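S.K.: Quick check, what structure comes out for this input:
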Amino acid sequence: MAPRKSKKIRSETFVLEGDFGKYFSSDLDDKKLALMKGGCRIPRQINLVAPGPQESPESPPSDHACAFEIFFSECGLSFPLPGLLVELMHELGTALPQLCPNVVRTVLSLQTLAEENGYQISLADVFQLYTMKKGRTPGTFFLSPRSHFKVFGDFPDKDEQWRKSYFFFPVNEFSYGPNTGFFVRDWTRRPVKFPKKPLSHTFAEQFVKICNRSDLTWELFTCERIRNSCARIYSRSDLISSTPPSSPAVATNMSPLSYREEKKLQKEREKAREAREKEDKARMVKALDDGKARSSSGRGKSSGIADPVSESKTSDHPG
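M.R.: Alright, predicted model coming up:
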């Protein structure tokens, strides 16, 4: 969508008015983008486009997306965009420039922690720990930790200067990998609410292990560490993934149950599932508290990276 109007305030700098607020024209030019491309390991096949003086984050060219420079320089984002982040945007109906840096950094850091410990975290897992909320700036959204599940410290406070550094890139197999069909171009005023699903017992078990083995210090999650993890995920076939909770099926050779008996059995199953979920969450909270205490006291691993977990170490995971 084109900005409705613009007002020039100094040489080649405009205040742009879009449907979701006001923007400064981008301060990135071809030279700065070339430096960023080299420094952030962006593949040569991806053409970064410097916006014109009257092009806002809301108005990328056709078949292009917008991103902020901070996503790559400080949050560890890489191309092709990680599938977990693409899934988040698709499921919630949000465009990439609507995400605050804390969303990108938190999702990628959680994915890094999981991958280093032999686990492939899912979007449902992420939303067991965090929820999406509206940001102070109109049209933006951030991740807020659920009670007792603040895995990382706060993303360092930033002024709004980072919002002046944005660029466009083409949506294709190099930027989105196999997920081009999930590209969200249009902005939203309110994200679709992601349904909070029952806690996976597999995720609970893996989360406890991750907290016990890893240093959770926020500063240790460097861009290089995050990008290296993202690159490994594409070639790993040994990662454990969470299985959706399910109730035991009634054996086919059992006598048919009456409606009242079936309802009673369903109620008992749900009660047992809720009891196990409550127990799992308590163990997760304790493991997280213990892990953060070790990290803050300097007793965690100095590198923050757990010893690599091989397929042989993950073959006996719980269902």
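S.K.: can you give me the helices for the stretch 1-150 of the chain?
M.R.: Taking DSSP state H, counting those that start in this stretch as the criterion, the stretch 1-150 of the chain carries its helices at 30-39, 69-73, 83-92, 101-116, 123-129.
S.K.: And the stretch 201-319 of the chain, by the same measure?
M.R.: Under the criterion DSSP H, counting those that start in this stretch, the stretch 201-319 of the chain contains helices at 201-213, 223-233, 259-297, 311-314.
S.K.: will you turn those into JSON lines that also has distance to residue 76?
M.R.: The way it works is simple: take the backbone N, C-alpha and C, and place the C-beta from them, glycine included. Formatted as JSON lines, the helices of the stretch 201-319 of the chain follow (distance: least, C-beta to C-beta, whole Å):
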{"stretch": "helix 201-213", "distance to residue 76": "18"}
{"stretch": "helix 223-233", "distance to residue 76": "3"}
{"stretch": "helix 259-297", "distance to residue 76": "19"}
{"stretch": "helix 311-314", "distance to residue 76": "24"}
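S.K.: taking the ones you listed together, which one is wrapped up most tightly?
M.R.: helix 201-213 (a mean of 21; mean count of other C-beta atoms under 10 Å).
S.K.: List every C-alpha atom in it, with coordinates, as CSV.
M.R.: Listed in CSV are the C-alpha atoms of helix 201-213, where the atom choice follows Å, rounded to 0.1, in the frame of the first residue of the first chain:
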residue,chain,number,x,y,z
HIS,A,201,4.9,-33.9,27.9
THR,A,202,7.8,-34.3,25.5
PHE,A,203,8.4,-30.6,25.5
ALA,A,204,8.2,-30.4,29.3
GLU,A,205,10.8,-33.2,29.6
GLN,A,206,13.1,-31.5,27.0
PHE,A,207,12.6,-28.0,28.6
VAL,A,208,13.8,-29.4,32.0
LYS,A,209,16.9,-30.9,30.3
ILE,A,210,17.7,-27.7,28.4
CYS,A,211,17.5,-25.6,31.6
ASN,A,212,19.7,-28.1,33.4
ARG,A,213,22.4,-28.2,30.7
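S.K.: Could you list every helix and strand that that helix packs against?
M.R.: Contact here means 3 or more C-beta pairs under 8 Å, 6 or more residues apart in numbering; DSSP states H and E; on that basis helix 201-213 packs against helix 101-116, helix 123-129, strand 240-241, helix 259-297.
S.K.: again, only this time at 7 Å
M.R.: Using 3 or more C-beta pairs under 7 Å, 6 or more residues apart in numbering; DSSP states H and E, the elements in contact with helix 201-213 are helix 259-297.
S.K.: What are the boundaries of the strands in the stretch 51-200 of the chain?
M.R.: 64-68, 119-120, 130-134, 141-145, 166-170 (DSSP state E, counting those that start in this stretch).
S.K.: how about these, which one is nearest residue 52?
M.R.: strand 166-170 (9.9 Å; C-beta to C-beta).
S.K.: Other residues contacting the closest one?
M.R.: The set of residues external to strand 166-170 that reach it, using C-beta atoms under 7 Å, 6 or more residues apart in numbering, is 26, 28, 33, 46-51, 57, 60-61, 63-69, 97, 175.
S.K.: and the residues you listed, which are buried?
M.R.: Burial by neighbour count, 16 or more other C-beta atoms under 10 Å: within those this picks out 26, 28, 33, 48-51, 57, 60, 64-69, 97, 175.
S.K.: What about residue 168, how many residues nearby?
M.R.: Counted with other C-beta atoms under 10 Å, residues neighbouring residue 168 total 24.
S.K.: any idea of the pLDDT on it?
M.R.: As predicted, residue 168 sits at a pLDDT of 99.
S.K.: Also residue 315?
M.R.: pLDDT for residue 315: 34.
S.K.: again, but for residue 234
M.R.: Looking at residue 234, its pLDDT reads 89.
S.K.: Quick check: phi and psi at it.
M.R.: Per-residue torsions, residue 234: phi -60, psi -20 (degrees, to the nearest 10).
S.K.: Could you report the separation of residue 137 from residue 60?
M.R.: When distance is defined by C-beta to C-beta, to the nearest Å, residue 137 is 18 Å away from residue 60.
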